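>>> sequence first, predicted model second:
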Amino acid sequence: METIKNIISGVIEGLVTRKTGGLKGDPQVLLEKVLTKKELEHIKVSYFKKGILNVIVDSSSQLYNLNLHKEDLLDRINKKSLSCFSCDEGAGLDKKSRELLVKDIRFQIGEIK
């Protein structure tokens, strides 16, 4: 009975990982780890699909600020996401899975609820 439970949880975890493009869990959680509290008040993740993270920003000044630090932000997100894999199951990942998980971040102005 225990093996069926493990198999089902493994399948569900695989589906979640595939749906988020390799990220375990919510991309919002990774942003919370790499951004300041002040920056987090002005953003919301819209979607994450095929390595592209779309983030809604509430003002043009925040949009400009985030675009200035876009490359650094990409590096920090990918380092955090790979460190999450290394502590969980990084040894079992193939080369394709170790590639950059977030390829691009796109910012757009919108309403934060």
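That came through fine. Numbering: from 1, shown residues only.
>>> low-confidence regions, this structure specifically.
1-2, 14-25, 84-100 (pLDDT under 70).
>>> mind listing the helices for it?
Using DSSP state H, the helices of the chain run over 2-19, 27-34, 37-40, 60-68, 70-88.
>>> from the chain's centre, how far out does the longest one sit?
For helix 70-88, the separation from the chain centroid amounts to 8 Å (computed by CA atoms, centre = their mean, to the nearest Å).
>>> one step back: deepest of the helices of the chain, which one?
helix 27-34 (a mean of 17; mean count of other CB atoms under 10 Å). Using the backbone N, CA and C atoms, a C-beta is placed for each residue, glycine as well.
>>> so what secondary structure elements neighbour that one?
Counting by 3 or more CB pairs under 8 Å, 6 or more residues apart in numbering; DSSP states H and E, the packing neighbours recorded for helix 27-34 are strand 43-49, helix 70-88.
>>> distance between it and the chain's centre?
7 Å.
>>> what lies in contact with that helix?
By CB atoms under 8 Å, 6 or more residues apart in numbering, the surrounding residues in contact with helix 27-34 are 20, 23, 40, 43-45, 48, 53, 55, 73, 76-77, 80-81, 102.
>>> tell me the bridge partners for Ile43.
Val57 (DSSP bridges).
>>> I figured it hits Leu73, correct?
No: with contact defined as CB atoms under 8 Å, Ile43 does not count as touching Leu73 (10.8 Å).
>>> format the helices and strands packed on helix 27-34 as JSON lines; extra columns: distance to Lys5.
Compiled in JSON lines, the helices and strands packed on helix 27-34 are given as follows (distance: least, CB to CB, whole Å):
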{"stretch": "strand 43-49", "distance to Lys5": "29"}
{"stretch": "helix 70-88", "distance to Lys5": "19"}
